[in-house]
Structures are given as C-alpha cells and as structure tokens.
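A.B. asks: Output the structure for:
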Amino acid sequence: MAITLNETFRAHWLISIFGLLLFAAGAIVLYWNEGRAVHTMLALDEAYADVYSMQFTEEEQDQNFENRIVHLSGPIICGEPLTEPDYNIQLMAVKLKRRVQMYQWVEEAVESNFGDSVGAVETDSRTYYYTREWRDKIVDSRNFHNRHGHTNPSRFPIESAVQIADAVYIGKYELGAKVKNKFNSFNELTSDIRPDDSSIKLHLGLYYHTNDVFNPEIGDLRILFTYAGMEGEMYSIVGRLQGNKVEPYVTTRGVPVLLVYPGEISALEVFRLEYRAQVLHTWWWRFIGWLLIFFGVTCNSRLLRVSLLRIPLLIALAPDTRFPVTSNFIIAFSLALTIAAVAWILHRPVIGACLFLAGASPYVWLTRNLVDYNRLD
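C.D. replies: I've put the predicted structure just below:
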C-alpha cells in the first residue's frame, strides 16, 4: 500500500518541521545576500562612474570638489606621534594597538562515563587539570572545582587598547574617522629601546611585567604592540570630500562607499580589488545559505521522495532512502540558484537569467527522454 504524504509527515513531523525551518533560514540568507550583492555592485558602478582622481596639481586648487567622490593616492602623513610613555614608544602611525595578556590558572575537565551496558546505573566521574597560560581575558577562578591554590586576579591592571591618530593626511586632505577605522592591517612593533622602569622587561618584542621572563607568576603581564598605517606608507583611498576631509560617499541608493587599500594604485585598480572582495564575500554567504537549504532538504528527504515519485518527470530526482545525498545535493543546488536568480533578474537580467537556467538545468536534463517515462503504480 502506497504511503501518503500526510502519513509520512505525521511519522516524521519533528525532523520535517526542523528541516522546514532550516530551509526558510537558508532562503532568507540567500535572498538577503543576493539583494545586498546587487545593491553593492550597483553602488560601486555608480561611484566609479563619478570618481575623480586627484593629481595634487595647481590647477586643482581652483576647482570645487565639495561633496564629490574622489580618489587619493599617496604617502600617509601623521600630525602627531602615538605614544606609550611607560615603554618609551613614540610612533607616527594611524593606529597603535596594545594587547595585554595575563598569566593565569586555567581549568580543564576530562569527563569519563562508566557503567554496564545492560541496566546499569552510570556514574559520572570528572578529572580536573590546572595549567598556567597567558590569556587575553580574565579567567574566573571562582568557578573552579578546586579553588584552593588556583586563584586568579579579578581584573587587568593594564587594559588592552587601540590609539588612533587625531590628524592623518594624504597630501593636504585629512582622513575622517571612518577612513582611519579602515586601517586594520596590523604589524608587530619591534624596538630596541628598553623602558626606563626596570621592572618592565623587554624580550623578543614583548614587554613583561614580571620578575623573571622565563618563570612568570600568576598575575604577571606581557604586552605586545602592533601598528597600522605607518607614516610614509603608500595608500589609495576613495571617498567623498567634505570640506578638507575625506568621508564615506553615499550613492543615490543609500549605500556608503569608502575604499581603503595599501599601495599607490589607480582608481580602476581600487575598484577592481573591491569588486573581487565583494564577489568572495557574496560566495561565502551563498555557501552558508546553500548549506542550510541542503540540510533542510535532507531532513525532508522522505517527504520529497513521496512527492516526487508521483510526478513521472521528476522520478529520477526522488531521494534514495539508502543514499539520498546526491539527490538532496541536486535539489538544494537548484533551489539555491533559483532563489538567487529572483534577486538578480530585476537589476541584472542577464545574470538573473543565467542563474535561473542553471537552477532549472536538472529538470531540463530530465526531459531529454520524456517519451520514455512510464507512470509508476
């Protein structure tokens, strides 16, 4: 006797509902991602069409670039150095990061379960190990199983922090706060100048607040300094001029455009790099969305099998109950491409049509021998 769709759902309702939720989440992620990608690409197209590359010539002095999107390329100039007086550090850079770690007790629990395989009562046994490690955050020793002799400080006497230069320029144009925030490629700061405080030790580029670098005690600190955007380094920036300051450019679609790349590169190359980064970002979220849809389809493979077996044209896509992965992969791939096509077809019809055709390809392939299909009893 053939099993109905309703009977199949009743028998596996929990996993089916969970699969539907996964499918819905994947569809939402895909639709959001494709919509974001469309608006971002259109915004970049609009920005590139209007961008002006500053040449820092005398003729430009008489021109008005207020609220216009411009491309700047040149060496970074900092107004004042960033300083860490306790460590004799003075650096002309956009950012100076201080990373503080504390030597602390760390608890590790190893759990073992013992018991007979037939009707026995299992007992839970845990073994606790305590090691000392450098950690960026406070490890709360109050929650340790054995607190005796394993006490950590409750706070950092010196906190991690990031300093940002007040005034940074390329040529005569100052970089706004949002531009400076995009300098996130940090390099380790190395210095041979030792701190005046003898209690601070310098070893392999790290500053230690300890009596013995090789035998630290609980509560000792070590500090690593890194910087981003050293003065003199070449950078290329695309943004809007507001007065004498570079800020994000907002397109007619309301999408902000602010591009910062290292090196002295043209406006065309800056946009090419951004297009490439956006494509990689889009494909990453596409994979996440497809994965959610794949697991959603997998959870509902029994329902799909019952449904597809009733359609002669799609019998070949019905998941095999023993090896359903192939069919689930094809169905998830097809659905993901179809959802992506919906977001693209209104703005980029060619791309949308290609995605739609790719999503429909499994069904088109199944029609090649349509005359040979026979209805199953």
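A.B. asks: For stretch 216-232, what does the pLDDT average out to?
C.D. replies: For stretch 216-232, the mean per-residue pLDDT is 95.
A.B. asks: Go through that stretch and flag the buried ones.
C.D. replies: Using 16 or more other C-beta atoms under 10 Å as the test for burial, stretch 216-232 gives 216, 220-231. Placement of C-beta: from N, CA and C, glycine included.
A.B. asks: Next, format the residues you listed as CSV and append distance to residue 162.
C.D. replies: Listed next are the buried residues of stretch 216-232 as CSV, based on distance: C-beta to C-beta, whole Å:
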residue, distance to residue 162
216, 25
220, 23
221, 18
222, 18
223, 13
224, 13
225, 11
226, 9
227, 10
228, 9
229, 12
230, 15
231, 17
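A.B. asks: can you put the residues you listed in CSV and add secondary structure and distance to residue 48?
C.D. replies: Below are the buried residues of stretch 216-232 laid out as CSV (DSSP: H, G, I helix; E, B strand; the rest coil; distance: C-beta to C-beta, whole Å):
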residue, secondary structure, distance to residue 48
216, coil, 53
220, coil, 53
221, strand, 48
222, strand, 46
223, strand, 43
224, strand, 39
225, strand, 38
226, strand, 33
227, strand, 31
228, strand, 26
229, strand, 24
230, strand, 29
231, coil, 29
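A.B. asks: Surely residue 76 touches residue 227?
C.D. replies: No. Here residue 76 lies out of contact with residue 227, judged by C-beta atoms under 8 Å, at a distance of 11.3 Å.
A.B. asks: Quick one: the helices in the stretch 1-150 of the chain, in order.
C.D. replies: 5-11, 13-50 (DSSP state H, counting those that start in this stretch).
A.B. asks: list the helices and strands the last one packs on?
C.D. replies: Think helix 13-50. strand 256-257, helix 267-299, helix 325-345 (3 or more C-beta pairs under 8 Å, 6 or more residues apart in numbering; DSSP states H and E).
A.B. asks: averaging pLDDT over each of those, which comes out lowest?
C.D. replies: Of all the helices and strands packed on helix 13-50, the minimum mean pLDDT falls on helix 325-345 (a mean of 78).
A.B. asks: Now that helix: buried residues?
C.D. replies: 327-328, 330-345.
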